[in-house]
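Student: model this:
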Amino acid sequence: MEVSESFIGRIHSSFSGDGIHFATPVSSLRTSEIDLVRGVLQMLQGLSSYLFYWDDNGHCFHVKSGIYLTHLSQTSLYGVLDQFIYTATCLQLVEIVVNKIEKPKSLPPPTLRAFACSVSTWLRRIRDISLKEEAKINSSDGKTTPTLLGLSSSLSSLCSGAEYLFQIVHGAIPQFYFELDHCISAAEIAIHIINHLYAKLNEVCLVQGGEEDAYRMLLYILLGSLLPYIEGLDSWLFEGTLDDPFEEIFFYANKEVAIDKAEFWEKSYLPRSAMSQKLQVLDFASDFLPSTKEKRNLTGGESISLSGVAKEKESNKIDTAKAIISAGKSLQLIRHAPMTSLLTAPAGSLESETRIAGLTLSEVFCVSLAALIGHGDHISDYLWKDNKLVSSFCSVEEIQKLEEIDGILFAKISSNKAWHKLLVDSLAQKRGTSSGYTQRGPLNSLIIKGKKLTSDGTDELPKFITFCPENPAITVCLKFLHEKRDAWSALNISQNFHLPPLNDEGLRQAIFGENCGPGLAQNNTDYTSGFQFGEIERLRFEEDREMLNVLLPFPTLLPLFREDMHMSEVLPFQNNSTLPSRILSWIHSTEPKSTPLPAVILQECLISYIKKQTDHIGKNMLSKLLHDWRLLVELGVLRAIYLLGSGDLLQHFLTVIFTKLDKGESLDDDFELNTILQESIRNSADNVLLSTPDSLVVSITKNPGSREDDQHNMSMSVSTPSKARSQSCGMDVLDSIKFSYKIAWPLELIANLEAMKKYNQVMIFLLKVKRAKFVLDKARRWMWKDRGTTTTIRKRHWLLEQKLLHFVDAFHQYVMDRVYHNAWRELCEHIAVAGTLDEAIEVHESYLSSIQRQCFVVPDKLWGLIASRINSILGLALDFYSVQQNLSSGGAISAIKAKCDKEVDRIEKQFDDCMAFLLRILSVKLNVGQFPHLAALVTRINYNYFYMSNSGSLTAPGSRTLRST
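Tutor: The predicted model follows:
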């Protein structure tokens, strides 16, 4: 039979003679196309063969040199093979990276490990395509012959998917990560991976024919990589526990600050420091996680100057990050703070509502994602309806009913929706796992949900059973155990623990012969009957046998094996595992009907739930503050003390120290001052305000000028007029007094050290007003004793005293109305509508800033000018008191009298100058418009337009015209 000549052979024969000897193809390198097809398919699976092999040095696949096909030229053949070699090389390089991550010397961080697991799963999916193709070829009947060109056409999606997967992995994992001396933290690598996936998903979300697989691949890997991070947020937002051993989350715990410290709220959990310059924070971090530029904003630093939408986005991002940190800290405070009203706790307390529809945050994220991409459904309002958590133990009928909410949700769900089936099955399994329990009974009985199951088969196994830690195979093989009840006895090791009866007659005869004594004549010895054991040993043996049955039920039972079986299909429902695994499998095998932007996915499926949970925690926290911890009561105590609201509480104390100052005595004995203070509190009708008398302590600061408000204090004291007045008894001596009140924890988180410092500043200013009023009242009594003399000079003294007293009384009344009453009313109103502890702190800080501004003790230029004139007038009151004291003690001496008259002239002139300055500044319409409280002050000190007319001109009825400065 003549064999047909090949194409290359005919070319060779066309030359003269016997052809060109060296151009003759080597017959041993000739191969068949079917072998090449099989080799290509095996190469795509990562396997080497005699035709294709992996080069460890070059990190690529190579084809055997010189092979040829009889019907293809070398150029055409290698052109077809090159695309398969490139595809196989991409897949093999991906596998190498995955192996480096999964098998390092130290355990990789969770996000990196989850990324590698997701990539490995998708890699196996791609390679399974070639495996199925190979199985199809091997099982064919030979009627169709596979070709390389046909394989190239059928595996085009595999080739594009392999290349894209390689690009994802290459971009997500920085090359320097595998260096021995890399210093990249887990948080940095996690953000880098998620950012890269986020940016890639943004590029392919607008799918245009043929890119659905790329979107699905990226979505699958992004979802799988996000799960560890979301699980960490879940434990923080729902349990108050920072479960972050690899330090991936964007904030960290400052272990130096304990929960019972005043700085806990500000310093216990802080944003991480700036990321490495090698890694660039991209879109995902800017949409959800706080970037390095925001750390200053989270800690109270300067905000970034932005405009329009960018500024709003920046603000929302910072608010979300702050809310997440605050939520977990609130849960910790609720857990550790003392409970004072357990009986009055609301029914819907935080402890009884710990999950969204009974699901973890990662499970809710997965279900919401499946609903969004599978059917375009938005289910966040359904899972969290009317600001209340949907119970995880509601019936299946209730789960299947969805009503329209704000036009967002849809009507009754069709039961054929994938996400709905997954949700119903998961909630049903959770109910079964939560309500069922497993106990062990003696021998071959199994007690489940209160039913005792024995081998007689009278009872049936329930549908759901809790996880059996001793032998999970029991749960997996429930169906088998139900069908094979006759095998229970054989599977139970305790039933076969006894030794069988032993007939040792032959053994005894061999040893003792025919002449064995009667004591050894016992036949068919059964060691289970208690032979060689006493009664106690036998009972103990029975107890051990029963204990073995409890500890090792059915120890030889093994479940049936099925290839590629997911653990979620075998084991009972596991949080953060079963439902996400099923959703990932669904994404793995189903094409999405919609391809939303990643920003939409995060907002709808994750951030919306985080915001609802933080709001929910904030409301509970506010309830605790107002009811259990009595926030307003404690702030009321501070108001009574530091704003001098309780006139009786410190009356005796103030009278004593003012008297000591009038005598020229110094205030340098803390013990004496505290003794006076405690006596004043005990004798006060308002002593019930303080939990204990020693909770309020007074001290003297040695260097009051070294405080942070030193510049402000200088502005207030620079205009104090009397140079002759002793510094030890002047107004400035009050600056050294400091009151300390021990507020109950955790309320000291609100009234912290900085807040108490502001309270002290306001109190010192009010004490100066109080002292001015005290000395003027005392001077009036002296003047009243000398009322018989009605000279012109005495009338001037009376008029000046009335002007000083009117100013002090008017200013004191202004403080009581604006600071004590109005500011407190605004504080109560704003506290009532606050949503979180952060907002309550902001309200309190705003309250402090308001009373500081209204008392002119803020470090501001305008307020400093006003405060200096007010302090000058208060100092003038003290000077006037000194004049009257001199007149009362030695007024008959003409020299003293003349000196006092000159001092009165100076006081009157300086008072008029200060009033002119104050009225001009306070009456400026711009200032009045910005600060309405200034108008109230002007009305009081300029009563009946005594100093300034309605038109703004300065006049003084009954006295000389005021000169303005």
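Student: Assign residue 751 to helix, strand or coil.
Tutor: Assigned by DSSP: H, G, I helix; E, B strand; the rest coil, the conformation of residue 751 is coil.
Student: Enumerate every residue touching the nearest residue to it once chain neighbours are set aside.
Tutor: Nearest non-adjacent residue to residue 751, counting by C-beta to C-beta, 6 or more residues apart in numbering: residue 743, 5.0 Å away. For the C-beta atoms, the positions are set from N, CA and C on the backbone; glycine is no exception. Shown in contact with residue 743 (C-beta atoms under 8 Å, 6 or more residues apart in numbering): 634, 638, 751.
Student: Looking at those, state which has the most neighbours.
Tutor: residue 751 (23 neighbours; other C-beta atoms under 10 Å).
Student: how about stretch 258-270: buried residues?
Tutor: 262, 264, 265, 266, 268, 269, 270 (16 or more other C-beta atoms under 10 Å).
Student: as a whole number, average confidence for it?
Tutor: Stretch 258-270 comes out with an average pLDDT of 88.
Student: what comes into contact with that stretch?
Tutor: 242, 251-254, 257, 298-299, 325, 328-329, 332-333, 336, 745-746, 748-749, 752-753, 837, 841.
Student: Among the residues you listed, name the ones in helices.
Tutor: 298, 325, 328, 329, 332, 333, 336, 753, 837, 841 (DSSP state H).
Student: which of these are buried?
Tutor: For the ones in helices among the contacts of stretch 258-270, buried by 16+ other C-beta under 10 Å: 298, 325, 328, 329, 332, 333, 837, 841.
Student: Not counting its neighbours along the chain, what's nearest the last one?
Tutor: Right, the one you point to is residue 841. In space, residue 841 is closest to residue 750, 5.5 Å off (C-beta to C-beta, 6+ apart).
Student: Surely that neighbour touches residue 632?
Tutor: No: Residue 750 is beyond contact range of residue 632, at 11.0 Å (criterion: C-beta atoms under 8 Å).
Student: These two: which has the busier surroundings?
Tutor: Ranked by neighbour count (other C-beta under 10 Å), residue 750 and residue 632 place residue 750 first, with 22 against 16.
Student: can you give me the helices in the stretch 501-650 of the chain?
Tutor: Secondary structure of the stretch 501-650 of the chain (DSSP state H, counting those that start in this stretch): helices at 505-512, 535-551, 567-570, 578-589, 598-602, 608-623, 631-642.
Student: Ranked by average pLDDT, which of these falls at the bottom?
Tutor: helix 567-570 (a mean of 63).
Student: Show me the shaky parts of the stretch 151-300 of the chain.
Tutor: 180-182, 207-211, 274-300 (pLDDT under 70).
Student: same thing but at 50, please
Tutor: Counting by pLDDT under 50, the ranges of the stretch 151-300 of the chain that qualify are 275-300.
Student: residue ranges for the helices of it, please.
Tutor: With DSSP H, counting those that start in this stretch as the criterion, the stretch 151-300 of the chain has helices spanning 156-172, 186-204, 212-239, 264-267, 283-287, 295-298.
Student: out of these, nearest to residue 554?
Tutor: Across these, residue 554 has its closest neighbour in helix 212-239 (33.1 Å, C-beta to C-beta).
Student: Show me what counts as buried in that closest one.
Tutor: Applying 16+ other C-beta under 10 Å to helix 212-239 flags 213-238 as buried.
Student: what's the closest of the ones in helices among the contacts of stretch 258-270 to residue 737?
Tutor: residue 753 (17.2 Å).
Student: how about the strands of the stretch 601-750 of the chain, start to end?
Tutor: 696-700, 737-741 (DSSP state E, counting those that start in this stretch).
Student: Adding mean neighbour count and distance to residue 616 as columns, could you present these in CSV?
Tutor: As requested, the strands of the stretch 601-750 of the chain are exported to CSV (neighbours: other C-beta atoms under 10 Å; distance: least, C-beta to C-beta, whole Å):
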stretch, mean neighbour count, distance to residue 616
strand 696-700, 17, 37
strand 737-741, 17, 33
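Student: With mean pLDDT and distance to residue 121 as extra columns, can I get those strands in CSV?
Tutor: As requested, the strands of the stretch 601-750 of the chain are exported to CSV (pLDDT from 0 to 100; distance: least, C-beta to C-beta, whole Å):
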stretch, mean pLDDT, distance to residue 121
strand 696-700, 90, 65
strand 737-741, 90, 61
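Student: Which one of those lies nearest to residue 186?
Tutor: Comparing the strands of the stretch 601-750 of the chain by C-beta to C-beta, strand 737-741 comes nearest, at 43.5 Å.
Student: Let me see the residues that make contact with the closest one.
Tutor: Against strand 737-741 from outside (C-beta under 8 Å, 6+ apart): 637-638, 641-642, 667, 695-701, 756, 759-760, 763-764, 767.
Student: next one: phi and psi at residue 552?
Tutor: The phi and psi values for residue 552, taken as degrees, to the nearest 10, are phi -130, psi 70.
Student: pLDDT wise, what is it at?
Tutor: Per the predicted model, pLDDT is 72 at residue 552.
Student: do the same with residue 787
Tutor: Value for residue 787, per-residue pLDDT: 61.
Student: And the host helix or strand of residue 914, how far out from the chain middle?
Tutor: Per DSSP states H and E, residue 914 falls inside helix 894-922. Here helix 894-922 is found 61 Å from its chain centre; the criterion is C-alpha atoms, centre = their mean, to the nearest Å.
Student: show me where pLDDT drops low in the stretch 851-965 of the chain?
Tutor: Regions of the stretch 851-965 of the chain meeting the criterion pLDDT under 50 cover residues 957-965.
Student: Which residue ranges of the stretch 451-600 of the chain form strands?
Tutor: Counting by DSSP E, counting those that start in this stretch, the strands of the stretch 451-600 of the chain are 451-453.
Student: What's the local residue count around residue 905?
Tutor: A count of nearby residues for residue 905, using other C-beta under 10 Å, gives 12.
Student: Tell me who's in contact with it.
Tutor: By C-beta under 8 Å, 6+ apart, no residues touch residue 905.
Student: can we see that at 10 Å?
Tutor: By C-beta atoms under 10 Å, 6 or more residues apart in numbering, the residues touching residue 905 are 796, 800.
Student: Next one: it from residue 886, what distance?
Tutor: Counting by C-beta to C-beta, to the nearest Å, the gap from residue 905 to residue 886 is 15 Å.
Student: Between the contacts of residue 743, which sits nearest residue 45?
Tutor: So of those, ranked by how close each gets to residue 45 (C-beta to C-beta), first place is residue 751, at 68.3 Å.
Student: I'd assumed residue 635 was in contact with the closest one.
Tutor: Yes: contact between residue 751 and residue 635 holds when scored by C-beta atoms under 10 Å: they sit 7.2 Å apart.
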